[in-house]
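> take a look and give me a structure for this.
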Amino acid sequence: MTEPAADTGSFTDASDPFSPTSDEINSPDVIVRSSDGVDFHAHKAILSFGSVVFKDMFSFPESSGKDANIIRDGKPVVALPESSKTVEKLLILCYPRFTTTYIFRDLDGVDEAYVSAGKYQIPGGQKMIEQLLEDPGFLEKEPHRVFTIACHRGLETVAKLAAMQTLKMPRYVPHISVPEFKLITAHQLRQLEDFHYRCSESIGELLQEYTFPVEESFLSYPDQYPEYSAVWWTTIGHGLGCGPHEDEGDVFPAKWLRGHIARVREAAVLRPHPNAIAKAMSELSSATLTAMSDCPKCVQLAPGSLGVESFNLQLKATQAYAKVLSQFSFVV
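Just a heads-up that it's a prediction; the model follows:
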C-alpha cells in the first residue's frame, strides 16, 4: 500500500482554540483545512460526535496512489470547501465546551456557517447560530449585520430583533455598510428604512401629546387627573412668565416644555430607539435650562418630572414600536 503523502503545500495554522498547541493534554489528531489554506487542529472523536458527516469522513479507508491522504505532522488533513471563517464556526459548534464557554469572536463566515451546519449535519447547529445572533454582544453592537444575515437566511424573529436595535443608530449615516448587504434585496433594505420612518412618526405623535392644550378645569383637580400634576402644568409658585398659560381659551404647558419637546422630537427623527428617546427626555439641555432659569420652581422640580415622563415615554414608545414591527415582514 502506498504511504500517505507528506504535506508540502502552503498553509497557515489557525489560532486558539484550534492551534497545534491549544490542547496540550489531549493532543489533536486531525487537521481540518479550509479552502483558503488555514489548518485547524482538532480531535476526530469530538468532530465525529458533533457531526455525522465528519464521522463518515473519518470512517473511510485510507486512499492509495496519487489520491493518498495528505499527512502533516503525523495527522491526516481533511480539506473542506468552506472558508477559514466558516470552518472555525463549524468546529466550535461541534465542541460542546466551546458552545457554552467560547462563543463566536465575530460574525465573519456566520452566514455560510448557518447553511453548512445543516450540510454537515451538526445537531442543533443552526439553532445555536440563531441564539448567538441574538446575543447582545452582536445584536446590540452590529445590528445591521445581524439583520442582513437573518434576512438572507429567513430568520424573521432575529431580523425583527435586529431591526429594533438599529433604531439606536442614526438613520442617515453613509458609512454604515456590512459585507452581507450584498446578500439581501433593495426591498429588504427599504423595509428597514420604512420601519425607522414609521417609528419616528409614532414617537412624534407621542411627544406631541405633551404640548396639547387642556381645559383649565383639569388643572384644578390633580388628584383626578394625575397626568397634569407635572411641574409644567401646576398653576402656582412659578416665576414671572412661567407656568401654564392661556391662549385663545386654551391652556398650554409652560413654554420651556414646548421647546424641550421640540428638541427631543428632533433627536427622535434621527435616533428613535426608546432608550435614546427616554434619555433625551430626561436630560436638561442648556437651552432648556436657560428657558426656565427665571423660575426656581421649575429649576428644582423639572428634572424629577422629566425623569418620570421619560420612563412613561419609554414604555409607550416600546408598545407603539411593537405594533409597527408587527406590520413588517423583512424576510419576504
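> output the below-cut-off pLDDT ranges for the stretch 101-250 of the chain.
Where the stretch 101-250 of the chain drops to pLDDT under 70, the residues are 101-102, 171-175, 217-218, 220-225.
> can you pull the phi/psi pair for the spatially most central residue of the chain?
Nearest residue to the geometric centre of the chain (C-alpha atoms, centre = their mean): Leu139, 2.2 Å. In terms of degrees, to the nearest 10, the main-chain angles of Leu139 are phi -60, psi -40.
> which residues does it contact?
Leu139 makes contacts with 133, 146, 161-162, 165, as judged by C-beta atoms under 8 Å, 6 or more residues apart in numbering. Yep, even glycine has a C-beta here, placed from its N, CA and C like the rest.
> can you map out the strands along the protein?
Ranges of strands in the chain, per DSSP state E, are 5-6, 12-13, 30-33, 38-42, 70-72, 75-79, 245-247, 250-252.
> looking at the ones you listed, which is closest to Asp294?
For those, the distance to Asp294 is smallest for strand 245-247, at 14.1 Å, taking C-beta to C-beta.
> packing partners of the closest one?
With contacts defined as 3 or more C-beta pairs under 8 Å, 6 or more residues apart in numbering; DSSP states H and E, strand 245-247 has these neighbours: strand 250-252.
> just checking, what packs against the strand it packs on?
Applying 3+ C-beta pairs under 8 Å, 6+ apart, we find strand 250-252 packed against strand 245-247.
> how about the strand it packs on: buried residues?
Counting neighbours by 16 or more other C-beta atoms under 10 Å, one finds that strand 245-247 has no buried residues.
> got the contact list for it?
Under C-beta under 8 Å, 6+ apart, the answer for strand 245-247 is 213, 216, 251-252, 254-255.
> if you set the cut-off to 6 Å instead, what comes out?
With contact meaning C-beta atoms under 6 Å, 6 or more residues apart in numbering, strand 245-247 is reached by Phe252.
> partners of it in the sheet?
Its sheet considered, strand 245-247 pairs with strand 250-252 (antiparallel) by DSSP bridges.
> coming back round to it: which of the strands of the chain sits closest to Cys295?
Cys295 lies closest to strand 245-247 among those, at 12.4 Å (C-beta to C-beta).
> save the strands of the chain as JSON lines, and put in distance to Ala278 too.
Formatted as JSON lines, the strands of the chain follow (distance: least, C-beta to C-beta, whole Å):
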{"stretch": "strand 5-6", "distance to Ala278": "64"}
{"stretch": "strand 12-13", "distance to Ala278": "48"}
{"stretch": "strand 30-33", "distance to Ala278": "48"}
{"stretch": "strand 38-42", "distance to Ala278": "46"}
{"stretch": "strand 70-72", "distance to Ala278": "57"}
{"stretch": "strand 75-79", "distance to Ala278": "53"}
{"stretch": "strand 245-247", "distance to Ala278": "27"}
{"stretch": "strand 250-252", "distance to Ala278": "24"}
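> out of those, flag the one nearest Asp111.
Among the strands of the chain, strand 38-42 comes nearest to Asp111, with 18.3 Å by C-beta to C-beta.
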